[in-house]
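Colleague: Provided below for reference: sequence and predicted model.
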Amino acid sequence: MGNIIRLDDTAPVDRWLSMSNQGTDCFLELLIYASGTIGQTQSQKEMISFLKDRKDINNVAPGTAGFDIKDMPWEASSLSEDVRFLLRIIEMAKSRTVWEKLPYEPEESIVIPFLDLFADMVREMDKHDG
């Protein structure tokens, strides 16, 4: 059983990010490692903590780590800033510098499209109230 990340329950299936448990682990590790390279506000720390929690859940109960992006701990007062932060993290997660922190080599042809779709969904948050 894998994990699904989507904007919310109204997102069309072709806009879902569906990953194996191993793919989910890699995806989340890349985002978490990338986040460690830049300063963060309290709301951004909570976003990364949310992702760390999802990774822990994936390790303990595989197949249950999926989530809706709208359920992340967004703060209305810093929504646009937090969206930009996550987009920076996603771009950094694509870099070899971050990949070198992993004890394995991610499959680029799989990971980059995952990160790109995640970025598209995060951008949608700027169009919502949070």
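Modeller: Everything's here; your move.

Colleague: list the contacts of the residue of the chain most remote from its centre.
Modeller: Residue farthest from the centre of the chain, counting by C-alpha atoms, centre = their mean, is residue 77 at 20.8 Å. If a contact means C-beta atoms under 8 Å, 6 or more residues apart in numbering, then residue 77 has no contacts. C-betas here are computed from N, CA, C, even on glycine.

Colleague: pretty sure it belongs to a helix, no?
Modeller: Yes - counting by DSSP: H, G, I helix; E, B strand; the rest coil, residue 77 is part of a helix.

Colleague: show me where pLDDT drops low in the chain?
Modeller: By pLDDT under 70, the weakly predicted segments of the chain are 1, 128-130.

Colleague: helices and strands around the lengthiest helix in the chain, which ones?
Modeller: If you go by DSSP state H, the chain has its longest helix at helix 42-60. When contacts are defined as 3 or more C-beta pairs under 8 Å, 6 or more residues apart in numbering; DSSP states H and E, helix 42-60 sits against helix 21-35, helix 79-93.

Colleague: could I get these as a markdown table with distance to residue 43 and mean neighbour count?
Modeller: Output for the helices and strands packed on helix 42-60, formatted as a markdown table (distance: least, C-beta to C-beta, whole Å; neighbours: other C-beta atoms under 10 Å):
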| stretch | distance to residue 43 | mean neighbour count |
| --- | --- | --- |
| helix 21-35 | 13 | 21 |
| helix 79-93 | 6 | 18 |
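
Colleague: and for residue 125, the neighbour number?
Modeller: Counted by other C-beta atoms under 10 Å, the residues lying close to residue 125 total 19.

Colleague: for residue 65, see how far away it is.
Modeller: In this structure, residue 125 and residue 65 are 20 Å apart, going by C-beta to C-beta, to the nearest Å.

Colleague: OK, contacts around residue 7?
Modeller: 15, 68, 69, 70, 121, 124, 125.

Colleague: how about the contacts made by the third one?
Modeller: This means residue 69. By C-beta under 8 Å, 6+ apart, residue 69 lies in contact with 5, 6, 7, 8, 121, 122, 124, 125.
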